[in-house]
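>>> kindly generate the corresponding structure for this input.
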Amino acid sequence: MEVVASIVGALIAEAARHLCSRVYSTTRGCLARIVAVSCAKRAVEHIPGPKIMDLLNDDGVRRIGIWGMGGVGKTTLVRNLNNKLRNDPNNTFGLVIWSTVSKEIGDGSEKDESIQTLAIQLLQKLRKQDSFLLILDDVWKGIDLDALGVPQPEDTKGGMVAELEHIKPLAEAIVQECAGLPLAINIMATSMRGKQMVELWKDALNELQKSVPSNIEGVEDKVYRTLKWSYDSLQAEGLIDEDQSYEVMYNRGFALVENLKDCCLLEHGSRKDTTVKMHDVVRDVAIWIASSLEDECKSLVQSGIGLSKISEYKFTRSLKRISFMNNQISWLPDCGINCPEASALLLQGNTPLEKVPEGFLRGFPALKVLNLSGTRIQRLPLSLVHLGELRALLLRNCRLSRLQVLDCASTNIKELPEGMEQLSYLRELHLSRTKQLTTIQAGVLSGLSSLEVLDMRGGNYKWGMKGKAKHGQAEFEELANLGQLTGLYINVQSTKCPSLESIDWIKRLKSFKICVGLSICDVYEHGHFDERMMSFGHLDLSREFLGWWLTNASSLFLDSCRGLNLMLETLAISKVDCFASLKKLTIMHSATSFRPAGGCGSQYDLLPNLEELYLHDLTFLESISELVGHLGLRFSRLRVMEVTLCPSLKYLLAYGGFILSLDNLDEVSLSHCEDLGDLFLYSSGDTSISDPVVPNLRVIDLHGLPNLRTFCRQEESWPHLEHLQVSRCGLLKKLPLNRQSATTIKEIRGELEWWNQLEWDDDSTRLSLQPFFQAHLV
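Numbering: from 1, shown residues only. Model prediction:
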C-alpha cells in the first residue's frame with residue numbers, strides 16, 4: 001500500500017518524512033502525497049452547503065464519501081471544505097489533514113519493519129486527539145487505514161445486508177467458500193458491502209466456485225480463488241461464457257453492468273432497473289479508445305450523426321465491432337464489403353431502412369450480434385442463414401408487421417421471441433430441423449392470425465395437450481385460433497385428446513403431418529396421401545383410442561409401437577363409423593401378433609377407401625387376413641401392397657369371405673418373407689374357379705422368397721400384367737401367363753437359371769414370352 005508522507009511530517013518530525021517516502025514505495029492503495037495543515041492560506045473559493053457540515057457535526061457519521069465521475073467538482077468541494085475549517089474558530093476537530101492520493105500503485109517491498117514502526121507512531125499520535133479529520137482526494141482504490149496507523153470508527157452496520165432474508169443463504173455459502181480465512185472473508189465483505197441485488201451475490205458465489213487453482217493442494221483451492229475473484233471484481237470489464245446456463249450468464253452480465261456503474265462509466269437510464277446510459281464525455285472517450293486500437297479490437301462507431309447511407313469504403317478487414325445506430329440510413333451497400341472478423345453490427349434506430357441487401361451480410365461471416373431494431377425492414381435476407389456464428393438477432397420494434405415468410409429451418413434457435421405474435425401478416429413459418437428449439441411460450445404462435453403454413457418437421461419440440469402442457473410448452477388446442485392455417489407439420493407430446501370437438505378444426509387443413517412420439521416417417525413419405533398424415537412412434541398403444549386422430553387423416557403411420565393388437569380391437573369396438581378419409585396404412589417394426597382374439601373385430605369395413613398398404617418388419621404377422629379380421633377390410637379400392645421382412649408370413653390373403661376379388665390392385669411388392677409359400681389361400685371348393693383374384697394387377701416384384709411355390713391357382717392367369725421381376729425364389733415354377741399375355745407384358749426379369757427351369761403349358765407360350773425376358777445376376 002501507499003502511505004502518507006506529509007502526515008508524518010506534520011505530526012512527528014521532519015526526519016519522519018524520509019521514512020514515509022519509503023513507506024510510499026513499499027505499500028499499496030494509500031495516499032501519495034500530503035499538503036501539511038500549516039500551508040499558506042488561500043481564499044475560499046466556495047463554501048460547501050450545510051448538508052456536508054451537518055454530517056461532519058453528526059456524531060453518528062464517521063465517514064463521508066463524495067462519489068462521482070471525473071470533472072464534476074469533487075476536488076473543488078473538499079478543497080473549499082478544508083479552507084473553511086482552517087478559518088473557522090469554532091472548528092471542533094483537533095487536527096485536519098489534507099492528502100491527495102496517487103492513482104498509480106507503487107511496487108516496493110523494502111524495510112517492512114520501518115513501515116510497521118512508523119504506523120505505530122502515527123496511531124499513537126492520532127489517538128491523543130479527541131477528534132481529527134482526514135481528507136483524502138483523488139481516491140481510486142481501497143485504502144488500508146489500519147496499515148497506516150489511522151484509527152477507524154467501529155462499523156456496526158456492515159453485516160446488515162448479509163442478514164437480509166434473500167441474501168443470507170448466499171452470504172453463508174460465500175463464507176463457506178472462504179473456508180474461514182479472515183483475509184478472504186474481509187475482502188468479500190468489502191466487495192459486497194451495500195449490494196442488495198441477489199443477482200450480484202449469485203454471480204459472486206459462482207465466480208468463487210468455478211475459479212479453481214491447481215498448483216497448490218489444499219489451501220490454494222480455498223484461498224486463491226477468493227483472491228482471484230476479488231481481483232477480477234475490481235475490473236470494469238469481463239467475458240460471458242456462452243456455454244454456461246442462461247441464469248449464470250444473466251447474473252454475470254448483471255454484475256458486469258453494475259461494476260461499470262460503480263466505476264461511473266455507466267449511469268442509470270430512464271428506467272432505473274432495466275436501462276443504463278453513458279455520459280457524453282465518457283462515451284467520446286470510449287469511442288476514441290475503441291477506434292484507435294490498431295489490431296486487437298478496432299471498432300467503427302458513427303452513431304447519431306445523421307448519416308443517410310453507408311459507403312463500403314468505411315469497412316476494413318480489421319474491424320471487430322461496427323455501429324451505425326440512430327442515424328437516417330435508408331440504403332446499405334450490396335457488395336464490396338469484407339469484414340471477416342466483425343462480431344457485432346448495430347443498425348438499430350435507422351427508421352428509413354426498409355431493406356437489407358442479400359450481398360451486404362455476406363461480408364460479415366463471423367457476425368455474432370446483428371441489431372436491426374427500430375427499422376422498417378419487411379423481410380430478412382436469405383444470406384442470414386449463412387451467418388453460422390450468429391448468436392443474437394435483435395428485431396425489437398422493427399417494422400416487420402407486414403412480414404409474410406419467416407424461414408428459420410435448420411438453425412440453432414432455442415426459443416421463439418416474445419412479441420412475435422405481432423407479425424399479423426405472417427403467412428409461412430418454417431422451423432423444420434430446429435433441434436435446439438425447446439421453448440414456445442403460450443399464445444406466441446396462436447396470435448399469428450394470417451398464418452397459413454407452420455412447418456416444424458424434424459425438430460425436437462413437442463406440443464402439449466390442454467391442462468398437461470409444461471412451462472415453455474404451447475398447447476395443441478391453441479392452433480384452433482389460426483383461422484387461415486392450411487398446412488401444419490408438428491410433433492405432439494401425447495395421444496390423449498380431450499374431445500373430438502377440440503380437434504374438429506383439423507378438417508379445414510389441406511395438409512398436415514402430426515407425429516406423436518418418435519418416428520422416422522420422413523424417410524418413408526411418398527405419394528400424395530401423405531399430405532394428411534398421422535404418425536405414432538415408439539409408443540404403447542394397448543390402452544389408446546386413436547379414433548380422434550384418424551377421422552381426418554389420409555395416411556396412418558405406426559412405427560415401433562407396442563400393443564397394436566389391443567389397439568385395433570379397441571378401434572373396432574369403439575368406432576361407430578368408418579374412417580373414410582384414410583387411404584394409406586403403414587405398419588413397421590412390431591413384434592405384435594395381429595391374430596384377433598375372438599374372431600372378427602368389425603362387421604363392416606373401417607377403411608373402405610384404403611388404397612395403399614405397407615407392412616415392414618412385423619415379426620409375428622402370419623397373414624394380412626389378420627388385419628382384415630380386426631378391421632373388416634375388403635380392400636375394394638386397394639391399389640398398392642408392399643410387404644417386407646415379415647419372417648412368419650405364410651400367405652398374403654385368404655380367398656373367400658370378405659376377400660373375393662382385388663379388382664383395383666395394381667402393384668404388389670414382396671421381399672424377405674422366408675416362410676411365404678403361397679400368395680393366396682384358397683378353400684377346397686375355390687381351387688377350380690378361373691376368375692383371377694387380381695384381374696388388373698400390372699406390376700409384381702418378388703425378392704428373397706425361398707419357399708414361394710405358386711402365384712395363384714393352376715388355371716388362373718393375370719391378363720394385365722406388364723412388369724414381372726423375380727429373384728431368389730427358387731421354388732417358383734409357373735407364371736400366371738399364357739400366350740395372350742404377350743400382348744400386354746413388357747418386361748420379365750429374373751435369374752437365367754430360374755427362367756430355364758420354369759414349367760409351361762406349351763412351347764408356344766414360352767417362345768412368345770422369351771423376347772420379354774431379361775436375365776440379371778443373382
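>>> ok, the closest residue to Leu705 other than its chain neighbours - contacts?
Nearest non-adjacent residue to Leu705, counting by CB to CB, 6 or more residues apart in numbering: Cys729, 4.8 Å away. Where C-beta positions appear, they are placed from N, C-alpha and C, glycine not excepted. With contact set as CB atoms under 8 Å, 6 or more residues apart in numbering, Cys729 has these partners: 702-706, 708, 754.
>>> try 6 Å
By CB atoms under 6 Å, 6 or more residues apart in numbering, the residues touching Cys729 are 702, 705, 708.
>>> pick the one among the residues you listed closest to Ser446.
Closest approach to Ser446 among these (CB to CB): Leu702, at 51.3 Å.
>>> show me where the stretch 651-778 of the chain has strands.
Applying DSSP state E, counting those that start in this stretch to the stretch 651-778 of the chain gives strands spanning 651-654, 667-671, 678-681, 699-703, 723-727, 747-750, 773-775.
>>> please convert those strands to TSV, extending it with mean neighbour count.
Output for the strands of the stretch 651-778 of the chain, formatted as TSV (neighbours: other CB atoms under 10 Å):
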stretch	mean neighbour count
strand 651-654	20
strand 667-671	18
strand 678-681	19
strand 699-703	18
strand 723-727	19
strand 747-750	18
strand 773-775	14
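>>> so Val643 lies in a strand, does it not?
Yes: counting by DSSP: H, G, I helix; E, B strand; the rest coil, Val643 is part of a strand.
>>> what pairs with it across the strands?
Assessed by DSSP bridges, Val643 has beta-bridge partners Leu615, Leu670.
>>> in this protein, what helix or strand scores lowest on average pLDDT?
strand 33-35 (a mean of 30; mean pLDDT, DSSP states H and E).
>>> for the spatially closest residue to Ile745 that is not a sequence neighbour, give its distance to Arg749.
Excluding the flanking residues, the one nearest Ile745 by CB to CB, 6+ apart is Phe772, at 5.2 Å. The gap separating Phe772 from Arg749 is 9 Å, by CB to CB, to the nearest Å.
>>> try Val694
19 Å.
>>> cool, and Ser303?
Using CB to CB, Ser303 is found at 73 Å from Arg749.
>>> same check, this time on Gly464
On the measure of CB to CB, Gly464 and Arg749 end up 51 Å apart.
>>> could you do Ala572 as well?
41 Å.
>>> please apply the same query to Arg508.
46 Å.
>>> tell me the contacts of Ala775?
By CB under 6 Å, 6+ apart, the contact list for Ala775 reads Leu752.
>>> pull out the buried residues from stretch 629-648.
629-646 (16 or more other CB atoms under 10 Å).
>>> before we move on, the earlier item: next secondary structure after the least confident helix or strand of the chain?
Along the chain past strand 33-35, the next helix or strand (assigned with DSSP states H and E) turns out to be helix 50-56.
>>> how about the very next helix or strand once past that next one: buried residues?
Later in the chain than helix 50-56, the nearest helix or strand by DSSP H and E is helix 74-86. For helix 74-86, burial by neighbour count (16+ other CB under 10 Å) applies to 74, 77-86.
>>> would you mind giving those as JSON lines with pLDDT and distance to Leu681 added?
Below are these laid out as JSON lines (pLDDT from 0 to 100; distance: CB to CB, whole Å):
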{"residue": "Lys74", "pLDDT": "84", "distance to Leu681": "102"}
{"residue": "Leu77", "pLDDT": "85", "distance to Leu681": "107"}
{"residue": "Val78", "pLDDT": "85", "distance to Leu681": "108"}
{"residue": "Arg79", "pLDDT": "86", "distance to Leu681": "112"}
{"residue": "Asn80", "pLDDT": "86", "distance to Leu681": "113"}
{"residue": "Leu81", "pLDDT": "85", "distance to Leu681": "111"}
{"residue": "Asn82", "pLDDT": "85", "distance to Leu681": "114"}
{"residue": "Asn83", "pLDDT": "85", "distance to Leu681": "117"}
{"residue": "Lys84", "pLDDT": "84", "distance to Leu681": "116"}
{"residue": "Leu85", "pLDDT": "83", "distance to Leu681": "116"}
{"residue": "Arg86", "pLDDT": "81", "distance to Leu681": "120"}
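>>> nearest to Asn350, of these?
Asn350 lies nearest to Lys74 out of the buried residues of helix 74-86, by CB to CB, at 38.9 Å.
>>> surely that closest one and Gly65 touch.
No: between Lys74 and Gly65 there is no contact under CB atoms under 6 Å: 10.0 Å.
>>> can you list the low-confidence ranges for the stretch 401-550 of the chain?
Counting by pLDDT under 70, the stretch 401-550 of the chain shows low-confidence ranges at 401, 418-419, 497-502, 519-528.
>>> hey, where'd the helices end up in it?
Under the criterion DSSP state H, counting those that start in this stretch, helices of the stretch 401-550 of the chain are mapped to 521-524, 547-550.
>>> so what touches whichever helix or strand comes after the last one?
Counting by DSSP H and E, the element after helix 547-550 in chain order, helix or strand, is strand 555-559. For strand 555-559, the external contacting residues (CB under 6 Å, 6+ apart) are 519, 521, 529-530, 533-537, 582, 584-589.
>>> next, the buried residues of stretch 506-523.
Going by neighbour count (16+ other CB under 10 Å), the buried part of stretch 506-523 is 506, 509, 512-517, 519, 521.
>>> can you tell me what sits against it?
Residues outside stretch 506-523 that contact it (CB under 6 Å, 6+ apart): 486-489, 491-492, 495, 531-539, 552, 557, 559.
>>> off-centre distance for that stretch?
24 Å (CA atoms, centre = their mean, to the nearest Å).
>>> same check on stretch 75-82?
Its chain's average C-alpha position is 55 Å from that of stretch 75-82, according to CA atoms, centre = their mean.
>>> grab the nearest non-local neighbour of the residue most central in space within the chain.
Of all residues in the chain, the one closest to the mean position by CA atoms, centre = their mean is Lys414, 2.1 Å from it. With CB to CB, 6+ apart as the criterion, Lys414 has its nearest non-adjacent residue at 5.0 Å, and that residue is Gln436.
>>> mind listing what Gly388 touches?
Contacts of Gly388 by CB under 6 Å, 6+ apart: none found.
>>> ok, it to Lys368 distance?
Per CB to CB, Gly388 is found 10 Å from Lys368.
>>> same check on Arg396?
Using CB to CB, Arg396 is found at 18 Å from Lys368.
>>> could you list the low-pLDDT ranges of the stretch 1-150 of the chain?
Scanning the stretch 1-150 of the chain for pLDDT under 70 picks out 1-50, 102-116, 118-119, 146-149.
>>> straight-line length of stretch 741-756, end to end?
Stretch 741-756 has an end-to-end distance of 19 Å (criterion: CA to CA, to the nearest Å).
>>> one more: stretch 446-453?
Stretch 446-453 has an end-to-end distance of 13 Å (criterion: CA to CA).
>>> would you map the helices across the stretch 201-350 of the chain?
For the stretch 201-350 of the chain, helices defined by DSSP H, counting those that start in this stretch occupy the ranges 219-232, 246-262, 280-292.
>>> same deal with the stretch 651-778 of the chain?
Remark: helices assigned in the stretch 651-778 of the chain by DSSP H, counting those that start in this stretch are 752-756, 763-769.
>>> Asn738: which of the ones you listed is closest?
Comparing the helices of the stretch 651-778 of the chain by CB to CB, helix 763-769 comes nearest, at 5.8 Å.
>>> and the closest one, how far out from the chain middle?
Between the centre of helix 763-769 and the centre of its chain there are 68 Å (CA atoms, centre = their mean).
>>> how about residues contacting that helix?
With contact meaning CB under 6 Å, 6+ apart, helix 763-769 is reached by 738-739, 742, 760.
>>> so which of these comes closest to Leu406?
Closest to Leu406 out of those is Ala742 (58.9 Å), distances taken as CB to CB.
>>> how close does that closest one get to Leu134?
Note on Ala742: its distance to Leu134, by CB to CB, is 118 Å.
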